[in-house]
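Novice: Curious how this folds, go ahead:
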Amino acid sequence: MNPYVLTILISSLGIGTTMTFASSHWLLAWMGLEINTLAIIPLMAQQHHPRAVEAATKYFLTQATAAAMILFASTTNAWTSGQWDILQMPNQLTATTIMLALALKIGLAPAHFWLPEVLQGLDLTTGLILSTWQKLAPFALIYQMAPNTNATLLITLGVTSTLIGGWSGLNQTQLRKILAYSSIAHLGWMITILHFMPNLTMLSLATYILMTSAMFLTAKTMSATKINTLATTWAKAPALTALAMLTLLSLGGLPPLTGFMPKWLILQELAKQDLPIAATVMAMSALLSLFFYLRLCYAMTLTISPNTNNATSPWRLKSSQTTLPTAITITASTALLPMTPAILAMTT
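Specialist: Next up is the predicted model:
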């Protein structure tokens with residue numbers, strides 16, 4: 001892609017998200033979301049591969065549907081209440097409609113079907129943007145909408161997402177689909193606690209972005225897109241493979257890694273809010289997710305190399321990717337648990 005065009009598209013991604021962050025008016029927030037969507041679609045389709053074009057088309061249709069729902073509901077709210085302020089949503093029907101549209105935008109269950117298919121058709125760099133940066137603008141609106149939204153709706157969306165994200169990832173062999181279902185499960189944890197303690201949602205989102213970025217950057221360095229390819233990485237980069245295993249265990253939420261921190265705090269808060277059933281179901285669903293993370297760990301580090309692999313072996317060429325972002329994200333996604341009290345003090 002022409003570097004000038006790439007610069008314009010990346011700048012538009014930043015501008016769209018910033019516009020949504022800064023807006024208190026529904027029309028400006030909607031414009032920011034639309035700029036964001038239109039900027040990433042050329043990045044998705046830049047390979048001119050049928051799967052990439054299909055992924056871009058599915059993403060566009062899904063995001064356009066969600067944006068139309070947001071515009072319709074915000075217009076209805078302006079018609080009934082006479083104002084466009086995001087924080088003022090007295091009509092419960094419009095607030096619920098917008099929350100469901102935003103759930104569709106970020107891929108919460110049961111509106112999650114597009115996310116694994118779209119992510120599977122993208123290269124790892126664009127997949128990283130879709131899994132991290134593209135969640136920020138809708139999450140800014142969800143964060144502001146939380147006080148006006150029914151807590152039962154948020155808990156239902158969250159628990160459903162954690163269950164489906166864990167259950168659907170069990171039978172996958174493609175790394176990008178596994179990371180997509182991992183994203184759905186993590187988003188479920190964030191949404192469940194949003195009504196009771198929004199700061200925990202932001203903490204969970206930050207740790208999710210760190211861990212997912214570390215995994216995508218590691219997979220890009222190893223040129224790995226499926227489990228069979230991961231099984232050959234130990235001979236090429238043993239240190240990075242061992243660190244990737246720790247990152248995967250952190251995504252699963254095992255102590256003493258960073259990923260345990262948000263799950264621990266969220267379960268503690270749910271117990272304080274007298275929601276033991278939701279907390280139990282989510283803790284059990286974390287075991288489902290942990291199973292497919294352990295499958296990846298087993299394929300990467302617990303199989304003896306050289307092993308039988310029917311896939312075409314990639315060339316052992318040095319990656320041109322800079323290693324600093326990978327190092328920073330892997331360190332942050334494995335070593336932040338001892339800093340939990342300090343992080344909590346900063347967020348409250």
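
Novice: which stretches of this structure have low pLDDT?
Specialist: 304-320 (pLDDT under 70).

Novice: Map the structural domains onto the sequence of it.
Specialist: Domain ranges of the chain: 1-149, 160-306+322-348, per automatic domain parsing.

Novice: Export the ones you listed as JSON lines, with columns for mean neighbour count.
Specialist: Glycine gets a C-beta too; all of them are placed from N, C-alpha and C. Formatted as JSON lines, these follow (neighbours: other C-beta atoms under 10 Å):
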{"stretch": "domain 1-149", "mean neighbour count": "18"}
{"stretch": "domain 160-306+322-348", "mean neighbour count": "19"}
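
Novice: which residues in the protein form strands?
Specialist: Here the chain has no strands by DSSP state E.

Novice: longest helix in it, by residue count?
Specialist: helix 50-81 (DSSP state H).

Novice: Determine the set of other helices and strands touching that one.
Specialist: For helix 50-81, the packing partners by 3 or more C-beta pairs under 8 Å, 6 or more residues apart in numbering; DSSP states H and E come out as helix 26-44, helix 92-106, helix 114-120.

Novice: Report the angle between it and helix 92-106.
Specialist: 160 degrees (axes from the mean of the first three to the mean of the last three C-alpha atoms, to 10 degrees).

Novice: quick check, distance from helix 50-81 to the centre of its chain.
Specialist: Chain-centre distance of helix 50-81: 19 Å, with C-alpha atoms, centre = their mean, to the nearest Å.

Novice: likewise stretch 221-237?
Specialist: When distances are taken as C-alpha atoms, centre = their mean, stretch 221-237 is centred 23 Å away from the chain's centroid.

Novice: first vs last residue of it, how far apart are they?
Specialist: Terminal residues of stretch 221-237 lie 10 Å apart, using C-alpha to C-alpha, to the nearest Å.

Novice: wait, residue 20 sits on residue 36?
Specialist: Yes - using C-beta atoms under 8 Å, residue 20 is in contact with residue 36, at 7.3 Å.

Novice: hey, what's in contact with both of these two?
Specialist: Contact with both residue 20 and residue 36 is made by residues residue 137, according to C-beta atoms under 8 Å, 6 or more residues apart in numbering.

Novice: list the contacts for the nearest residue to residue 142 once chain neighbours are set aside?
Specialist: Distances taken as C-beta to C-beta, 6 or more residues apart in numbering place residue 102 nearest to residue 142, at 5.1 Å, with adjacent residues excluded. Going by C-beta under 8 Å, 6+ apart, residue 102 touches 66, 70, 138, 141-142, 145.

Novice: what's near enough to touch residue 49?
Specialist: By C-beta under 8 Å, 6+ apart, the residues touching residue 49 are residue 121.

Novice: give me phi/psi at it?
Specialist: With angles defined as degrees, to the nearest 10, residue 49 sits at phi -100, psi 140.

Novice: could you check the distance from it over to residue 121?
Specialist: Separation of residue 49 from residue 121 (C-beta to C-beta, to the nearest Å) stands at 8 Å.

Novice: and what of residue 55?
Specialist: Distance, residue 55 to residue 121, using C-beta to C-beta: 3 Å.

Novice: which neighbours do those two share?
Specialist: With contacts taken as C-beta under 8 Å, 6+ apart, the residues that reach both residue 55 and residue 121 are residue 44.

Novice: any idea how far residue 69 is from the nearest residue to residue 88 once chain neighbours are set aside?
Specialist: Once flanking residues are discounted, residue 88 sits nearest to residue 81: 6.7 Å by C-beta to C-beta, 6+ apart. Relative to residue 69, residue 81 is positioned 18 Å away (C-beta to C-beta).

Novice: Could you do residue 109 as well?
Specialist: 17 Å.

Novice: Tell me which residues touch residue 214, please.
Specialist: Residue 214 makes contacts with 244, 247, 326, 329-330, 332-333, as judged by C-beta under 8 Å, 6+ apart.

Novice: And the residues you listed, which is closest to residue 345?
Specialist: residue 332 (18.0 Å; C-beta to C-beta).

Novice: That closest one: what's its closest spatial neighbour, skipping adjacent residues?
Specialist: In space, residue 332 is closest to residue 210, 4.6 Å off (C-beta to C-beta, 6+ apart).
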